[in-house]
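J.: Quick one: sequence plus predicted model below, questions after.
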Amino acid sequence: MNLVQVLSLAGSLAVVASSSLPSNTSVVDTHLLARKSSCFPAVGFRTPSYVPDSTQGWWCDPYTEYAFMGFSYAVDACQSLPQLRREFKDIRETYNGRYVRIYSVCDKKGFYDNVITAAWENSLGIHALIWFGFDGDYKWKSRKDSLFNTLYSNPKAKFVIRAVQFGSEPLFDWVLSPSELTSQVKAAKSKLASLGIKVTVSEMAYGFQARGGAQSVLDAVDFLDIHMLPFFSHQASTAQNSWPILKKDQDWLTARMGGKKMYWSQNGWPSTSYPGVEPNSPAAIADVANEKAYYQLLESRCTDFKYLGKGGVGWFWHIYSDEQAPGYGLYGWDGKTKFKFQPRTSC
């Protein structure tokens with residue numbers, strides 16, 4: 001059975017399954033369910049028991065993706081495969097996550113193979129990351145080579161790795177000049193073209209602005225992974241009043257992206273402050289109430305996300321747990337969620 005047949009069968013099964021839905025569910029809704037479930041990694045889509053021959057017709061159109069995408073997920077703990085499986089399953093089944101955006105790095109050999117395995121088994125797409133770190137060294141080059149080798153050697157890679165990010169914040173941290181980063185993006189696009197894996201940069205609007213706009217980078221990327229951390233803004237007050245700060249950065253990028261897709265990939269408000277995570281405004285408070293309020297703000301703006309930029313804008317929650325980035329996690333140190341989190345994936 002080829003991929004087209006599998007997708008057709010999936011759509012048919014979705015329509016059949018609709019017979020058990022409440023009587024007030026419309027025919028349009030069941031057709032929408034079937035359509036949305038026929039591409040990866042749409043909510044309701046499950047990876048098949050075998051690896052398809054081609055990615056043709058596999059990926060969902062990115063211009064149909066908006067609202068909640070999934071979680072940013074730090075890997076410096078080099079999580080075991082069982083832990084990746086367990087937490088990726090939670091992201092998918094509890095929160096309808098469609099993607100995991102990798103943050104930080106694990107240099108352990110074979111780690112990305114485990115990420116790919118856990119993602120495949122849980123029908124999650126991955127934004128992989130070439131991590132620059134904060135030490136000013138050149139380890140990112142060997143990390144890039146290692147990741148690319150995995151992407152070519154693992155037969156499932158091109159079916160779950162949606163993109164490779166250069167990050168985090170290479171422009172803001174002055175790791176590379178705009179011209180150097182542009183060259184790296186173009187070289188990576190050429191290297192990964194046969195796999196259909198996209199290339200992006202993980203950066204905040206100010207990182208581009210501080211480097212003269214870095215338009216060559218924006219022109220080179222396939223889409224953009226944007227950092228939205230309004231807690232650090234000099235204009236910050238409460239989380240619930242952050243929308244003007246967010247909208248200003250989004251509008252600046254929209255005007256320069258030429259209609260390319262954009263995601264808020266590193267996006268959140270901390271529940272605690274500490275050296276390195278401190279506000280630039282005395283009115284900005286790091287506590288659980290504001291972290292929750294920031295989530296509620298994102299939820300209340302679902303329609304805005306639907307129409308921000310071409311095809312809407314998707315957002316990730318930064319980050320999965322406080323163990324990965326203290327204060328930012330949905331899950332606290334006790335392993336429990338800090339507040340009710342039930343984000344919409346459409347509206």
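T.: Received, thanks.
J.: got the residue ranges for the strands in the protein?
T.: Secondary structure of the chain (DSSP state E): strands located at 67-74, 99-103, 125-131, 161-167, 198-204, 224-228, 262-267, 313-317.
J.: any chance of those in JSON lines, with mean neighbour count too?
T.: Yep, even glycine has a C-beta here, placed from its N, CA and C like the rest. JSON lines is the format used below for the strands of the chain (neighbours: other C-beta atoms under 10 Å):
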{"stretch": "strand 67-74", "mean neighbour count": "27"}
{"stretch": "strand 99-103", "mean neighbour count": "27"}
{"stretch": "strand 125-131", "mean neighbour count": "25"}
{"stretch": "strand 161-167", "mean neighbour count": "26"}
{"stretch": "strand 198-204", "mean neighbour count": "25"}
{"stretch": "strand 224-228", "mean neighbour count": "25"}
{"stretch": "strand 262-267", "mean neighbour count": "26"}
{"stretch": "strand 313-317", "mean neighbour count": "26"}
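J.: want to throw these into a markdown table with mean pLDDT?
T.: Shown next, in a markdown table, are the strands of the chain (pLDDT from 0 to 100):
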| stretch | mean pLDDT |
| --- | --- |
| strand 67-74 | 99 |
| strand 99-103 | 99 |
| strand 125-131 | 98 |
| strand 161-167 | 98 |
| strand 198-204 | 98 |
| strand 224-228 | 98 |
| strand 262-267 | 98 |
| strand 313-317 | 99 |
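J.: Of all these, which one is nearest residue 346?
T.: For residue 346, the closest of the strands of the chain is strand 67-74, at 5.8 Å, according to C-beta to C-beta.
J.: Skipping adjacent residues, who's closest to the most centrally placed residue in the chain in space?
T.: Nearest residue to the geometric centre of the chain (C-alpha atoms, centre = their mean): residue 101, 4.0 Å. Computed as C-beta to C-beta, 6 or more residues apart in numbering, the closest residue to residue 101 that is not its neighbour in sequence is residue 127, at 4.2 Å.
J.: Report the contact partners of the one you found.
T.: By C-beta atoms under 8 Å, 6 or more residues apart in numbering, the contact set of residue 127 is 99-102, 162-165, 200, 225, 263, 265.
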